[in-house]
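Trainee: Just the structure for this:
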Amino acid sequence: KSEQPAVVLVTASRHWVLRRADGPRFGVDADLAAWEGKTVDVVGHEGNGVFLVTEPPTEVAADD
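Mentor: Coordinates of the predicted model:
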């Protein structure tokens, strides 16, 4: 497979490539890229290395 840029979700146990069911199949999804560097909750389905997001991410409030 060829390499291409992607949005990646990093968890304590692994890394997931994020995809939206209605998002672009190739290249970076601008809607997901807007969350870069933030701590978020995501809802969706786990696949083999891909997490399919079914609802918009929500930002987790930072502990004060």
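
Trainee: in this protein, what spans have low per-residue confidence?
Mentor: 1-2, 63-64 (pLDDT under 70).

Trainee: which secondary structure element contains the most centrally placed residue in it?
Mentor: Among the residues of the chain, the one closest to the centroid is Leu18, at 3.2 Å (CA atoms, centre = their mean). According to DSSP states H and E, Leu18 maps onto strand 15-20.

Trainee: what comes into contact with that strand?
Mentor: 6-10, 25, 29, 31-32, 42, 46, 49-53 (CB atoms under 8 Å, 6 or more residues apart in numbering). Just so you know, the C-beta spots here come from the backbone N, C-alpha and C atoms, and that holds for glycine as well.

Trainee: swap in stretch 40-47?
Mentor: Leu9, Trp16, Leu18, Phe51, Leu52, Val53, Thr54, Glu55, Pro57, Thr58, Glu59, Val60.

Trainee: can you check stretch 54-64 too?
Mentor: Against stretch 54-64 from outside (CB under 8 Å, 6+ apart): Ala21, Asp31, Leu32, Trp35, Lys38, Thr39, Val40, Asp41, Val42, Val43, Gly44, His45.

Trainee: Give me the nearest residue to the fifth one, chain neighbours excluded.
Mentor: When the adjacent residues along the chain are set aside, Lys38 lies closest to Glu59, with 5.5 Å between them (CB to CB, 6 or more residues apart in numbering).

Trainee: need the helices for the protein, in chain order.
Mentor: All helices of the chain, identified by DSSP state H, fall at 30-33.

Trainee: Hmm, Phe51 is touching Thr11, no?
Mentor: No. Look at Phe51 against Thr11 with CB atoms under 8 Å: they stay out of range, at 9.2 Å.

Trainee: list the buried ones in stretch 24-40?
Mentor: Residues of stretch 24-40 classed as buried by neighbour count (16 or more other CB atoms under 10 Å): Asp29, Leu32, Trp35.
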